[in-house]
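What follows is a protein structure lacking sequence information:
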């Protein structure tokens, strides 16, 4: 279903200008009717778009001009890089441009000038090289919104599955020592509230995965379930939430199992992302829960190796735009 026409447009940062972000955003505008997309404004370097696309670009000064321009050209708030670049060849100037574009796109959402923000793919390696101190865009957006990173959750969503990792970008060997009952509670609470606020679910069901094989087999294969995970589940249940588990992760993601919950809370990155990408590689969406704004992103990276070759699939970006608009519509409806 198309989002309410009364919603403000969305902002979409192009990401690293040398990556596939400009191409997939341009393709989304080209196929806006096919993908059933609401009006949006791109934020980034116009040269990055022109390098991979020969369509019409409507450079704007004000996001209020988006709707009138949307059918005539891809609306763009220009953030020129200090120097031009080549698709597939990341540069320091491009990294600065991607960060500036992200800052502006998020600022538009924070100010209420747009209804949601969609962030294009960036290179963490390139950003770290210019002093970026956050693990990723999720934590950057949370800081800009004044929210502690421990109170947000990174949801990966597709048409038949939503997953949330408790721990994210850290070595697997460090996961057991970084898991705490308080962290699991916080991620679970952010997930449940996000399901209510962004998806309109009044009584969401959260399924919690174990850490160890067979969810620890009663302590025979590890005690994290007994000592850390179960207390978190009980605390959430005591708050009135519908939470199940801990479940063996290897039996959580088949068709019948997925029908029994609204989201799966996983203990580490790959436990959450492998099933999501196996099922929804082309249309998986990253949603940041726990923010005062709606933020989504396509669940793929910069793909420098195919940038500029007209091979990038825009479906994940289209899904991210659609999901962002849907979440914004749910929030607006609840606030009405």
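Received it, and whenever you're ready, just let me know what you need. Model, not experiment: these values are computed from the prediction. Numbering: from 1, shown residues only.

Centre of the chain to stretch 258-268, how far?
17 Å (Cα atoms, centre = their mean, to the nearest Å).

quick one: buried residues of it?
258, 261, 262, 263, 264, 265, 266, 267, 268 (16 or more other Cβ atoms under 10 Å). C-betas here are computed from N, CA, C, even on glycine.

do the same with stretch 247-261
Neighbour counts over stretch 247-261 (16+ other Cβ under 10 Å) mark 247, 248, 249, 252, 253, 258, 261 as buried.

Stretch 6-25 too?
For stretch 6-25, a neighbour-count test (16+ other Cβ under 10 Å) marks 7-25 as buried.

So what's the residue count around residue 322?
Neighbourhood size, residue 322 [other Cβ atoms under 10 Å]: 23.

That one touches residue 32, doesn't it?
No - counting by Cβ atoms under 8 Å, residue 322 stays clear of residue 32, with 10.7 Å between them.

quick check, nearest of the buried residues of stretch 247-261 to residue 147?
Distance ranking of these against residue 147, using Cβ to Cβ, places residue 261 first at 25.4 Å.

need the contact list for that closest one.
Counting by Cβ atoms under 8 Å, 6 or more residues apart in numbering, residue 261 touches 205, 206, 207, 244.

Buried subset of the residues you listed, written for PyMOL?
Only the buried entries of the contacts of residue 261 go into this PyMOL selection, using 16+ other Cβ under 10 Å:
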select buried, resi 206+207
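
still on that earlier bit, and the buried residues of stretch 6-25, which of them are in strands?
Per DSSP state E, strands hold the following members of the buried residues of stretch 6-25: 10, 11, 12, 13.

Adding distance to residue 273 and pLDDT as columns, could you present those in JSON lines?
Converted to JSON lines, these look like this (distance: Cβ to Cβ, whole Å; pLDDT from 0 to 100):
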{"residue": "10", "distance to residue 273": "24", "pLDDT": "97"}
{"residue": "11", "distance to residue 273": "26", "pLDDT": "97"}
{"residue": "12", "distance to residue 273": "23", "pLDDT": "98"}
{"residue": "13", "distance to residue 273": "22", "pLDDT": "97"}
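
just those now: which is nearest residue 193?
Distance to residue 193 across those (Cβ to Cβ) is lowest for residue 10, with 22.0 Å.

And for residue 112, the neighbour number?
Residues lying near residue 112 (other Cβ under 10 Å) number 9.

Skipping its backbone neighbours, what lies nearest it in space?
Spatial nearest neighbour of residue 112, excluding adjacent residues (Cβ to Cβ, 6 or more residues apart in numbering): residue 8 at 7.8 Å.
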